[in-house]
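Chemist: mind looking at a prediction? Sequence and model below.
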Amino acid sequence: MTRLLPLLFLTFLSGCATVQRPPEGAEARWEQRRHRLLALQEWGLTGRVAIRTELEAWALSLRWRQHGSRFDVMLVAPFGQGSARLEGDDGEVTLRSSRLAGPVRADDPQRLLEETLGWEIPVDALRYWVRGLPAPGGSDELRLDEEGRMVHLLQGGWEVEVGRYVREGALSLPRRVFLSRAGDSVRLVVERWQVGGHGNE
């Protein structure tokens, strides 16, 4: 019998190691939210964005339409000072701007905006952050509120703060998203969300 005790104890421990306990409180609500938001592939928003670098600052109106991996982002400066339209998917991006002679194409939207217009906007990651999600690839820090909503994130060298959420149908979606990195910052205020089929929250 005494020889069986160690074996039974090891069997018990190995059994416990395979048991996955569901997260409690905010973490459980976060997991539910995360799956629903990841499933939200058809959405759009209109709002305002302020972009600041060490040298310049811009205040722009914003219209964003997302269809799966395909996006269409329109940025317009006030008083006819110019506009930029970024369209593409995971393979190719096209930029048209009143400041350019013609369309410019590349495979990286962030680098394209930075090299042509001087705007530091992490477009690939922002399509997740603006929904209140970390982008794929892991993050250095993630903080949730008591409702299981993302309020603070460190990812890819950017600090992301979600200042407020609004109800859109059955989902809570960010109203304000602030990004900062070194001397660059992006402040986005969503005035209107447009979302399609999503589950209840």
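Modeler: Good, I have the coordinates. Numbers count the residues shown, from 1 in each chain.
Chemist: now do the phi/psi pair for the residue nearest the centre of the chain.
Modeler: Central residue of the chain (C-alpha atoms, centre = their mean): Trp129, 1.6 Å from the mean position. Dihedral pair for Trp129: phi -60, psi -40, per degrees, to the nearest 10.
Chemist: need the contact list for it.
Modeler: With contacts defined as C-beta atoms under 8 Å, 6 or more residues apart in numbering, the neighbours of Trp129 are 135, 153, 155, 160, 177, 179. In short, each C-beta sits where N, CA and C put it, glycine included.
Chemist: next: Arg52.
Modeler: Counted by C-beta under 8 Å, 6+ apart, Arg52 has contacts 58, 184-187.
Chemist: can you list the buried residues in the helix or strand that contains Leu112?
Modeler: Using DSSP states H and E, Leu112 sits within helix 109-117. For helix 109-117, a neighbour-count test (16 or more other C-beta atoms under 10 Å) marks 109-110, 112-114, 117 as buried.
Chemist: any low-confidence regions in the protein?
Modeler: Residue ranges of the chain with pLDDT under 70: 1-24, 80, 197-201.
Chemist: change it to 80
Modeler: For the chain, the stretches flagged by pLDDT under 80 are 1-24, 79-81, 196-201.
Chemist: the chain: strands as residue ranges?
Modeler: Secondary structure of the chain (DSSP state E): strands at 42-52, 57-67, 70-76, 83-88, 93-97, 104-106, 141-144, 150-155, 158-168, 171-181, 184-195.
Chemist: make TSV out of those strands and add distance to Gly25.
Modeler: Output for the strands of the chain, formatted as TSV (distance: least, C-beta to C-beta, whole Å):
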stretch	distance to Gly25
strand 42-52	28
strand 57-67	31
strand 70-76	34
strand 83-88	39
strand 93-97	40
strand 104-106	44
strand 141-144	9
strand 150-155	15
strand 158-168	18
strand 171-181	17
strand 184-195	26
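Chemist: against Trp119, how distant is Leu154?
Modeler: Look at Leu154 and Trp119: by C-beta to C-beta, to the nearest Å, they are 22 Å apart.
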